[in-house]
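Enquirer: Okay, here's the prediction I keep looking at, along with the sequence it came from:
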Amino acid sequence: MISVEEALEKILSTVHVLEPEEKPILECPGQVLATDVKAGLDVPPHDNAAMDGYAVRSGDTASASQDNPILLKVIGEIAAGYVPDKKVTSGTAMRIMTGAPLPEGADAVVQFENTDEMERKSQKKPLKEIGILSPAEKRLNVRYKGEDIANGQLVLRKGTLLRAAEIGVLASLGIPRVAVIRRPVISVLSTGDELCDINEPLAPGKIYNSNAYSIAASILSCGGIPKIIGIGRDSVQSLNLKINEGLNADMLITTGGVSKGDYDIVKDVLATIGKIGFWTVRMKPGKPLAFGTIKRAGGCRAREIPHLGLPGNPVSSMTTFEQFARPAILKMMGREKFNRPVVEAVLDSPIVNDDGRRIFARVRVTKTAGGYRASLTGPQGSGILTSMSQANGLAIIPEDCPAVKAGDSVRVQLLDYDTDII
């Protein structure tokens with residue numbers, strides 16, 4: 001039986017960053033850039049107005065005030081998307097909308113609120129001239145060419161995680177497609193004669209195959225592409241058939257069949273067609289966990305793929321996915337940070353650790369004026385999946401800690417979090 005850290009190190013040393021793919025930028029959020037991106041133009045591409053107002057020469061407005069308006073002749077109007085056809089000279093101004101190119105000669109924009117435009121409109125006077133009510137410093141309300149991005153600038157580095165902001169930056173440069181590390185395809189195989197597909201009536205002695213869906217949803221949540229391949233029954237022939245079906249992927253995840261029961265034969269089958277690196281981890285829930293590699297037939301993308309055999313109990317399956325499969329998938333996607341946020345929280349209930357394994361207890365974390373608090377989500381049996389659905393964190397009890405009392409501080413790995421927690 002190995003430690004959580006040893007297990008994770010073995011898994012991460014086996015999986016590798018996948019190859020890049022080029023795709024439309026709107027399909028890339030959550031993926032990692034495979035190449036540097038340099039700007040091929042200035043952003044903005046021209047000096048433009050940051051406010052609706054009047055484009056002026058700042059020197060003309062130096063003595064302007066509410067009591068002493070400076071009158072300027074209005075020589076035209078510029079809307080966003082159009083190019084000015086006149087030059088602003090001393091004593092003149094042009095009405096301008098936000099984003100419109102600044103006309104030649106102007107070096108500032110006086111917003112409407114600092115002019116007498118509203119008064120003139122209320123008196124139905126034509127806007128042949130405008131009164132400036134406050135001085136405008138040079139560059140006031142002007143966005144200058146290239147002030148955000150300069151032509152030739154390195155804008156996004158290889159390895160950058162693309163979020164909405166980065167997608168916007170790419171669009172501002174007129175870049176419709178980029179090369180990103182592709183999303184891994186993960187085959188998901190549930191095992192056991194007791195399992196029934198959710199589209200079938202539930203027969204006596206059977207249970208619905210929830211693991212396939214919780215694991216597939218977990219794969220989706222961290223950026224992978226799940227490929228559910230059904231149920232492998234408790235026979236060598238059935239398991240061999242289903243495992244081969246799942247090998248055209250970047251990783252195979254199985255659930256069940258890796259403990260010491262008479263019908264837990266997944267690890268035995270895998271030992272004949274691949275290599276098993278380990279199959280027990282010092283943690284609770286999740287002790288029976290198998291990891292290794294399986295050779296693939298010719299014509300596939302690689303000679304072998306990693307296999308992660310998760311326990312069959314639903315909470316054990318989700319907990320071990322969180323600790324091991326999620327980091328592996330993120331590494332394959334080119335991510336460098338795999339850890340969930342961890343906070344210190346005061347535990348509301350005692351937890352006994354009687355067998356020297358690291359406990360991951362399901363808790364609900366709340367933030368109070370005095371700090372974080374964590375409450376158990378009910379009975380902690382590894383078959384009670386609702387305790388996982390009510391949890392937003394896992395309280396970590398070390399292997400060498402026999403018990404924690406109510407009121408003790410513990411480290412909590414946050415699974416789902418929002419502004420109410422962080």
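Expert: Sure, I can see it. Numbers count the residues shown, from 1 in each chain.

Enquirer: What are the boundaries of the helices in the stretch 301-422 of the chain?
Expert: For the stretch 301-422 of the chain, the helices identified by DSSP state H, counting those that start in this stretch occupy 314-320, 326-332, 386-389, in order along the chain.

Enquirer: Can you name the residues in contact with the host helix or strand of Ala212?
Expert: Assigned by DSSP states H and E, Ala212 belongs to helix 210-221. By Cβ atoms under 8 Å, 6 or more residues apart in numbering, the residues outside helix 210-221 that reach it are 186, 188, 190, 198, 225-226, 228, 230-231, 253, 255-256, 310, 312, 314, 317-318, 321-322, 325-326, 329, 385. For the C-beta atoms, the positions are set from N, CA and C on the backbone; glycine is no exception.

Enquirer: So among those residues, which ones count as buried?
Expert: 186, 188, 190, 226, 228, 231, 253, 255-256, 310, 312, 314, 317-318, 321-322, 325-326, 329, 385 (16 or more other Cβ atoms under 10 Å).

Enquirer: Tell me the spacing between Leu202 and Asn209.
Expert: 11 Å (Cβ to Cβ, to the nearest Å).

Enquirer: Which one's more surrounded, the two?
Expert: Using other Cβ atoms under 10 Å as the criterion, Leu202 and Asn209 rank with Asn209 on top: 22 against 11.

Enquirer: What about that one? Give its phi and psi, please.
Expert: Asn209 has phi and psi values of phi -80, psi 80 when expressed as degrees, to the nearest 10.

Enquirer: and the closest residue to it other than its chain neighbours, how many neighbours does it have?
Expert: Nearest residue to Asn209, sequence neighbours excluded (Cβ to Cβ, 6 or more residues apart in numbering): Leu195, at 4.5 Å. Using other Cβ under 10 Å, Leu195 has 22 neighbouring residues.

Enquirer: and Leu195, what is it in contact with?
Expert: 206-209, 231.

Enquirer: among the residues you listed, which are in strands?
Expert: Of those, the ones assigned to strands by DSSP state E are 207-208, 231.

Enquirer: Take those and lay them out in CSV including pLDDT and distance to Ala406.
Expert: Putting the ones in strands among the contacts of Leu195 into CSV (pLDDT from 0 to 100; distance: Cβ to Cβ, whole Å) gives the following:
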residue, pLDDT, distance to Ala406
Ile207, 95, 34
Tyr208, 96, 36
Ile231, 94, 42
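
Enquirer: can you put these in TSV and add distance to Lys275?
Expert: Shown next, in TSV, are the ones in strands among the contacts of Leu195 (distance: Cβ to Cβ, whole Å):
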residue	distance to Lys275
Ile207	31
Tyr208	33
Ile231	25
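
Enquirer: List just the nearest of these to Asp408.
Expert: Closest approach to Asp408 among those (Cβ to Cβ): Ile207, at 36.4 Å.

Enquirer: Chain neighbours aside, what residue packs nearest to the closest one?
Expert: Spatial nearest neighbour of Ile207, excluding adjacent residues (Cβ to Cβ, 6+ apart): Glu194 at 5.7 Å.

Enquirer: And Val17, by the same measure?
Expert: In space, Val17 is closest to Gly334, 5.1 Å off (Cβ to Cβ, 6+ apart).

Enquirer: What of Asp416?
Expert: Of all residues not flanking Asp416 in the chain, Asn392 sits nearest, at 4.7 Å (Cβ to Cβ, 6+ apart).

Enquirer: What of Leu102?
Expert: Leu102 sits nearest to Asp47 (Cβ to Cβ, 6+ apart), 4.1 Å away.

Enquirer: which ones are touching that neighbour?
Expert: Contacts of Asp47 (Cβ under 8 Å, 6+ apart): 101-102, 142-145.

Enquirer: Same list (the residues you listed) but as TSV, adding neighbour count and secondary structure.
Expert: Formatted as TSV, these follow (neighbours: other Cβ atoms under 10 Å; DSSP: H, G, I helix; E, B strand; the rest coil):
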residue	neighbour count	secondary structure
Pro101	20	strand
Leu102	25	coil
Val142	20	strand
Arg143	20	strand
Tyr144	14	coil
Lys145	16	coil
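
Enquirer: Closest to Gly371 out of these?
Expert: Using Cβ to Cβ, the contacts of Asp47 come closest to Gly371 at Arg143, 43.8 Å.

Enquirer: partners of that closest one in the sheet?
Expert: Assessed by DSSP bridges, Arg143 has beta-bridge partners Asn48.

Enquirer: my guess is it meets Pro45, correct?
Expert: No. The criterion here is Cβ atoms under 8 Å, and Arg143 misses it with Pro45 at 10.8 Å.

Enquirer: The residue found closest to Lys284 once you drop the neighbours it is linked to in the chain: neighbour count?
Expert: Of all residues not flanking Lys284 in the chain, Arg357 sits nearest, at 4.3 Å (Cβ to Cβ, 6+ apart). Neighbour count for Arg357, taken as other Cβ under 10 Å: 20.

Enquirer: Quick check: Arg357 vs Ile70, distance?
Expert: 80 Å.

Enquirer: lowest-confidence helix or strand of the chain?
Expert: Least confident element among the helices and strands of the chain, by mean pLDDT, DSSP states H and E: helix 266-273 (a mean of 76).

Enquirer: any idea which helix or strand comes after it?
Expert: strand 274-280.

Enquirer: For that following strand, name the packing helices and strands.
Expert: In terms of contacts (3 or more Cβ pairs under 8 Å, 6 or more residues apart in numbering; DSSP states H and E), strand 274-280 is packed against helix 4-14, helix 266-273, strand 288-295, strand 304-310.

Enquirer: Kindly recompute the last result at 6 Å.
Expert: Using 3 or more Cβ pairs under 6 Å, 6 or more residues apart in numbering; DSSP states H and E, the elements in contact with strand 274-280 are strand 288-295.

Enquirer: Buried residues in the strand it packs on, which are they?
Expert: 288-294.

Enquirer: If you count contacts, what does that strand end up packed against?
Expert: If contacts are counted by 3+ Cβ pairs under 6 Å, 6+ apart, strand 288-295 sits against strand 274-280, strand 304-310.

Enquirer: Low-confidence regions, the protein specifically.
Expert: Within the chain, the segments meeting pLDDT under 70 span 258-264, 297-302, 418-420, 422.

Enquirer: Having no further points to raise, I will conclude here.
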